[in-house]
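S.K.: test case, fold it:
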Amino acid sequence: MSREKTVKRKTGHLKKKEEHVGYLFVLPWIIGMLLFVIYPLTQSFQYAFYKIKMTPKGRVLTWVGMKNYLDIWQKDVNFPTELAGYALNTLLAVPVIVVFALIISLLLNSKIRMKGVFRLIFFLPVIIASGPVMAQLADQGAATIPSMNTVMIYQVLNGFLPGMIAEAITNLFDNMIMILWYSGVQILLFLAAIQKIDKSLYEAAKIDGSSTWEEFWKITLPTIKPMVLLTAVYTVIFLSNNEQNGLIVLIQSAMFDVSRGYGYASAMAWMYAIIVTVIVALVAVLLITKKDAYAKKEKAYRRELKKEKRTLAKVRRKGERYEHKMQKTSN
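M.R.: Residues are numbered from 1 along each chain as shown. Next comes the predicted model:
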C-alpha cells in the first residue's frame, strides 16, 4: 500500500510539473492577449463615455455619458447610411464567396493534376493582398471585370429595385474579382472537410446507381453542413474587419477629427461591434438546421433497440427466477 501511495504521489508531482510547463508555453499568448486585446477593449469602452480633446499637455477627458451613442444615430448622417450599405453588401457577398469556395474545393478534390499549385493560386491573395495593396488595386480598377458595364447594370436594376439594393448589387459586380480573392481560407476549410468524408459512402452510393449530383446532395452537403456555418461566420467577420469597408474608414476618420475625437470613434466602434455580433448570430441561426430525417430515424431505431434489450433482459431475469424456484421446489 505504501509503495502504491508513493508511486501516486510521484505521478501527481510529474503531472503538476507538466501543467506548469504548459502554462509557460501559453504565457506569451496570455500576455499578448492582455496587452493588445483586453486592455485596448476596456480603454475604448471607457473612452466611449467621454469627450476627448488633445492638448499640448495631453488628453483632456470630459464625461458626457451616453451622448456619443445618441449622436451616432441622431446627428451623424453617414453612420446609418454606411451601416445599411455594409449590411446589404455582406448579405450579397457572403453567399457568393461561400458558394464559390465550395465549387472550387469540389474541383480541387477531384482527380486533377497539380492540385498543390491550384491551392497556392487561390490562397496566395490572402497572404499577399493586405489592406493598402487591395486599396491600390481597387483604385486602379483591378478588382473589376473589364468587359462588364456596371453603369448599365445599375440602370437596369434601378428600374424595378430600390436604389440602395440596386447599388449594392452593382457594387457586388464591380468588386467581383476582389470578392473572389477573399475566398482562399474558405476553400481550404471546405477542402479539409470534404477530404474527411468516408470514401466508402461514395462507393456504396455508386453501387446503388446514384449520380454525382445525388452524391453531392445526399452525402457531401449534409456532411459538411457545420463547415458551411463556419465559413459563413468567418466571411461575415472578415468582411466586417476589411479595410475596404466604409464603416471602418468612417471610424478611422472620426478618430482623427477634432470635433468628434477618440470618444466618439470608440462609441461608433462599439456600436458597430454589437451590430456585427447580431449579424453573426442571425447567420448562425439561419444556417443551423434541424437534423436530417435519416439521423432522426437512426436515433429512433437505436431507442427501439434499447427498449427491446431491456424487455429481453427482464424476460431473462423472470425466467431465471422461475427456474430457481422450480429447482427449490424439486429439491
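S.K.: can you list the low-confidence ranges for the stretch 101-250 of the chain?
M.R.: The stretch 101-250 of the chain contains residues with pLDDT under 70 at 129-176.
S.K.: so where do the strands sit in it?
M.R.: With DSSP state E, counting those that start in this stretch as the criterion, the stretch 101-250 of the chain has no strands.
S.K.: now the helices for it?
M.R.: 115-128, 131-139, 150-158, 163-174, 176-181, 184-195, 199-207, 212-215, 221-223, 225-241, 246-255 (DSSP state H, counting those that start in this stretch).
S.K.: of all those, which lies closest to Glu82?
M.R.: Closest approach to Glu82 among the helices of the stretch 101-250 of the chain is made by helix 246-255 (4.4 Å; CB to CB). (C-beta placed from N, C-alpha, C; glycine too.)
S.K.: sort out which residues of the closest one are buried, please.
M.R.: Neighbour-count burial for helix 246-255 flags Leu247, Ile248, Leu250, Ile251, Ala254, Met255 (criterion: 16 or more other CB atoms under 10 Å).
S.K.: would you confirm that the first one contacts Ala84?
M.R.: No - when contacts are counted by CB atoms under 8 Å, Leu247 is not listed as touching Ala84 (10.4 Å).
S.K.: now for the helices of the stretch 101-250 of the chain, which one comes closest to Lys307?
M.R.: Comparing those against Lys307 with CB to CB, the closest turns out to be helix 221-223 (27.6 Å).
S.K.: which neighbouring elements make contact with the longest helix belonging to the chain?
M.R.: Determined from DSSP state H, the single longest helix within the chain is helix 293-330. Packing contacts for helix 293-330, counted by 3 or more CB pairs under 8 Å, 6 or more residues apart in numbering; DSSP states H and E, involve no helix or strand.
S.K.: avg pLDDT for that helix?
M.R.: For helix 293-330, mean pLDDT is 73.
S.K.: out of the buried residues of helix 246-255, the closest to Ile121 would be?
M.R.: Of all those, Ile121 sits closest to Ile248, with 28.0 Å by CB to CB.
S.K.: relative to Gly22, how far out is the closest one?
M.R.: Distance check for Ile248 against Gly22: by CB to CB, to the nearest Å, it reads 37 Å.
S.K.: what does Thr81 give?
M.R.: From Thr81 across to Gly22, the span is 50 Å (CB to CB).
S.K.: between the two, which one's more packed in?
M.R.: Using other CB atoms under 10 Å as the criterion, Thr81 and Gly22 rank with Thr81 on top: 13 against 10.
S.K.: give me the angle between the helix or strand containing the more buried one and helix 184-195.
M.R.: With elements taken from DSSP states H and E, the one containing Thr81 is helix 78-109. Using axes from the mean of the first three to the mean of the last three CA atoms, to 10 degrees, the direction of helix 78-109 lies 40 degrees away from that of helix 184-195.
S.K.: other SSEs contacting helix 78-109?
M.R.: helix 67-74, helix 115-128, helix 163-174, helix 176-181, helix 184-195, helix 225-241, helix 246-255, helix 261-287.
S.K.: need these in CSV with distance to Lys53, can you?
M.R.: Formatted as CSV, these follow (distance: least, CB to CB, whole Å):
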stretch, distance to Lys53
helix 67-74, 14
helix 115-128, 40
helix 163-174, 36
helix 176-181, 38
helix 184-195, 41
helix 225-241, 29
helix 246-255, 13
helix 261-287, 7
